[in-house]
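Enquirer: just need the structure, nothing else, for what follows:
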Amino acid sequence: MNKPILTTFFLAALLLHSGAAHADLPDLGDISQATMTQADEARIGRDAMRALRQDGAISDDPELTRYINDIGGRMAAGVQIPGLSFTFFIVDDQSINAFAMPGGYVGVNKGLILATQSEGELASVLGHEMAHVTQHHIARMQANSTPNELLLLGTLVAAALASRSGNGEAAFGALNAGVGMSIASQLSFSRDYEREADRVGMKYLTAAGYDAREMPAFFQRLQQSERLNGGNAYAFLRTHPVTSERISEAENRADSTPVRMRANSIDYLLVREKIRVQQLAPADALKFYQSALSRKLYLSEGAQWYGLARARMLSNDYAGARQALSTAHKLLGPDPMLFGLDAEIARKAGNWSQALAAYRAGLEKYPDNAPLFDGEIDLLLQTGQRQLALNRIRDRQTLTPNDPALFRLQAQAYADNDMLRYHAALGNALYFEQMYEGALEQYHMASQAKGDDFYLRSSIEARTRELEKKLADDKRDGKDSGGGIMQ
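Expert: Reported below is the predicted structural model:
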């Protein structure tokens, strides 16, 4: 499957399905003119997220997910819109791109994170995408257009099927035949939205304590790099057209704000290197870090030693990995990702007691760190300490009762000896991931499994009735509630 292509077509069609703008409409439209309700926007965003998850496009790395939601949460703290909450996620793609979907869903490609040179630059992209959501840009485009929805749906299905077959050229042909000209015709209109997103996003950026100059600086560097590459535009520049005029406007706006010197967080520096190692073969990663350290070409020396530790671990050089990680610890100080890597190296080497000690040392210092907690539980299950793992899960669920990862770990604990609780836990994981059809299937299997637990069976029955009604209502209304793209 060609995941980046399928993702691109889904999002392109989603935008056009919500309303393609035209170049002969000079007025952006007032937010109050939006024809989509907030509930409509939330549903569209949820459906899009389900499609992306089904396509395997979203990174499931817990440390990356935690980081992007931490920085996104700081950015969103100043957004006062009742009923709107943001979900930030990382797309497992090397291209430089980011996008926003209705309902507060903001995605950032791994490639874009690597392209940034400061946390402020990454925050500026998040702020820009958040502004697309808070200004209801898709809903406002809907108010100014009457797209042929049947043609649009047919084009989307054709592109999705072509992408699933691995035929990228056929997918592009299907898209161009149906909606390519519509995309081209809205370019000047979309630039107006981009400028508005710059202006509003910059407010979010400065409210979170970052320097407003980070935004135009990042856009300008991308533009210059694109020119040096012969005009082969980055995905971000194709979906977010950057002009010299737009950069100049952003620079002038930034100049009116105070300068704020904010150091990169350790997690930002480590996340970049973890992504880099994920995108390189182990041998290539080793060469990269050895060269960077010898030539002193890096944002952070400590982060380079962390990257080298990861590269050595993946090359099965566990002693070398521990040595590099020790240097990173000395240079950076304590950080949950360092404890996590310490445990990961020990697990790769088969040293369970050392791995458990690393998780617990990290949790003693960072008791709310979900990746460390989940890693510890997974290790307890791997080493046969099932009851202790279940006790730890129950304790954690009192604080985060809707965490799908905890339910998946719970299902893992019950997989061999309790089908009632296994299917119920897996159903709960899918339910909170909004994969409703899969959740309903698991609840049905749970109801047929042996076991006596009146409270659990009652909750399964209630959840089953809820989902059966929801799926029936959505089918009647022509909506998709958990299977991805409707066909």
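Enquirer: tell me where the stretch 151-300 of the chain is predicted with low confidence.
Expert: By pLDDT under 70, the low-scoring segments of the stretch 151-300 of the chain are 151-189, 228-241.
Enquirer: please, where are all the helices along it?
Expert: 168-175, 181-185, 187-207, 214-228, 235-239, 244-255, 266-279, 282-295 (DSSP state H, counting those that start in this stretch).
Enquirer: these: which one's closest to residue 134?
Expert: With CB to CB as the criterion, residue 134 lies closest to helix 187-207 of the helices of the stretch 151-300 of the chain, at 6.6 Å. Where C-beta positions appear, they are placed from N, C-alpha and C, glycine not excepted.
Enquirer: ramachandran coordinates for the residue sitting nearest the centre point of the chain?
Expert: With distances taken as CA atoms, centre = their mean, the residue of the chain nearest its centroid is residue 89 (1.3 Å). For residue 89, the backbone dihedrals (degrees, to the nearest 10) come out as phi -150, psi 160.
Enquirer: can you put the helices of the stretch 151-300 of the chain in a markdown table and add mean neighbour count and distance to residue 453?
Expert: Listed next are the helices of the stretch 151-300 of the chain as a markdown table, based on neighbours: other CB atoms under 10 Å; distance: least, CB to CB, whole Å:
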| stretch | mean neighbour count | distance to residue 453 |
| --- | --- | --- |
| helix 168-175 | 17 | 48 |
| helix 181-185 | 14 | 53 |
| helix 187-207 | 19 | 46 |
| helix 214-228 | 18 | 53 |
| helix 235-239 | 18 | 49 |
| helix 244-255 | 15 | 58 |
| helix 266-279 | 22 | 40 |
| helix 282-295 | 15 | 47 |
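Enquirer: now do the longest helix seen in the chain: distance to the chain's middle.
Expert: Assignment by DSSP state H gives helix 454-477 as the longest helix of the chain. Distance, stretch centre to chain centre, for helix 454-477: 28 Å (CA atoms, centre = their mean, to the nearest Å).
Enquirer: can you pull out the strands in the stretch 1-150 of the chain?
Expert: 87-91, 98-101, 105-109 (DSSP state E, counting those that start in this stretch).
Enquirer: for residue 116, which of the helices of the stretch 151-300 of the chain is the nearest?
Expert: Within these, the stretch nearest residue 116 is helix 214-228; the backing value is 6.5 Å (CB to CB).
Enquirer: test my guess that residue 98 contacts residue 109.
Expert: Yes: Residue 98 lies in contact with residue 109 (CB atoms under 8 Å); the separation is 6.5 Å.
Enquirer: compare these two (neighbour count), which wins?
Expert: Using other CB atoms under 10 Å as the criterion, residue 98 and residue 109 rank with residue 109 on top: 26 against 22.
Enquirer: report the beta-bridge partners for that one.
Expert: Taking DSSP bridges as the rule, residue 109 bridges to residue 91.
Enquirer: what's near enough to touch it?
Expert: Neighbour list for residue 109: 90, 91, 93, 94, 95, 96, 97, 98, 235 [criterion: CB atoms under 8 Å, 6 or more residues apart in numbering].
Enquirer: OK, contacts around the residue nearest to the centre of the chain?
Expert: For residue 89, the contacting residues are 49, 58, 59, 65, 68, 105, 106, 107, 108, by CB under 8 Å, 6+ apart.
Enquirer: can you check the pLDDT for residue 42?
Expert: The model reports residue 42 with a pLDDT of 79.
Enquirer: can you tell me the closest non-neighbouring residue to it?
Expert: Residue nearest to residue 42 in three dimensions, not counting chain neighbours: residue 103, with 3.9 Å by CB to CB, 6 or more residues apart in numbering.
Enquirer: for the residue sitting furthest away from the middle of the chain, helix, strand, or coil?
Expert: For the chain, the largest distance from the centre (CA atoms, centre = their mean) belongs to residue 452, which lies 39.2 Å off. When classified by DSSP: H, G, I helix; E, B strand; the rest coil, residue 452 comes out as coil.
Enquirer: can you get me a residue count around residue 70?
Expert: 13.
Enquirer: residues contacting it?
Expert: Applying CB under 8 Å, 6+ apart, we find residue 70 in contact with residue 267.
Enquirer: if I look at it, how far off is residue 100?
Expert: Distance of residue 70 to residue 100, computed by CB to CB, to the nearest Å: 18 Å.
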